[in-house]
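> sequence and predicted model, in that order:
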Amino acid sequence: MHSFCHMGGPEGVELCAGLAQLKQEHGPLRVQMEQLLAFAETIGRGTEISNWREPLAELREKVESFVAALDPHSEREEGVLFPMMAEYIGRTTGPIAVMEYEHEQAKARLSMFLEKTIHLPETVDSEQALTLADAVIEAHHILDEHFMKEENVLFPMAERLLSDEEKEELFARINE
């Protein structure tokens, strides 16, 4: 599993339309992720605020809109690209297993944050606020690295593995 994390991808591989689209989708997601991170990093830090309820409610809204953008992207990868690649390299170990695990890990942290912030108590102290915000920060770190692995390793690998017909099918299916 770990060797995959350190494999350098070939630079400048030309990606087919479907893979290029998945890669482009990372752009706006990254922008949202950076905003999430910046905001989450302010929560629970500093002594001037005694009740973190409002900032957490605001972070919750940002996380909801991020998840709404992330989910369809993840589904295109998990439902279309990963199974197509799995035909060649399998799904239980190796790159696809790692990618699916990272999706799960990031989603689990975001879901946990959303669950625990549905009914915020009247007052939330800085320790509670930090714990909650940390789940969002961890999800950011997982996804940040995850996107890089997809762009540098997985997408170039898919470009080499998939036939022209499969590339056309990939593009059609992710745009259904």
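Everything's here; your move.
> distance of the residue most central in space within the chain from residue 156?
Nearest to the mean C-alpha position of the chain, by C-alpha atoms, centre = their mean, lies residue 143 at 3.9 Å. With distances taken as C-beta to C-beta, to the nearest Å, residue 143 is found 19 Å from residue 156. Yep, even glycine has a C-beta here, placed from its N, CA and C like the rest.
> average pLDDT for stretch 103-117?
On average, the pLDDT along stretch 103-117 is 97.
> what residues of it count as buried?
103, 106-107, 109-110, 113, 117 (16 or more other C-beta atoms under 10 Å).
> ok, stretch 168-176 next?
Quick answer for stretch 168-176 (16+ other C-beta under 10 Å): 170-171, 174.
> tell me the SS of the most far-flung residue of the chain relative to its centre?
Taking C-alpha atoms, centre = their mean, the residue of the chain most remote from its mean C-alpha position is residue 48, at 32.6 Å. Following DSSP: H, G, I helix; E, B strand; the rest coil, the label given to residue 48 is coil.
> what ranges does this protein have for its helices?
Applying DSSP state H to the chain gives helices spanning 2-6, 17-40, 53-76, 82-89, 95-116, 126-149, 155-161, 164-174.
> go through the ones you listed and find the least confident stretch.
helix 2-6 (a mean of 32).
> before we move on, back to that, now render the buried residues of stretch 168-176 as CSV, adding distance to residue 61.
What follows is the buried residues of stretch 168-176, written out as CSV (distance: C-beta to C-beta, whole Å):
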residue, distance to residue 61
170, 33
171, 33
174, 28
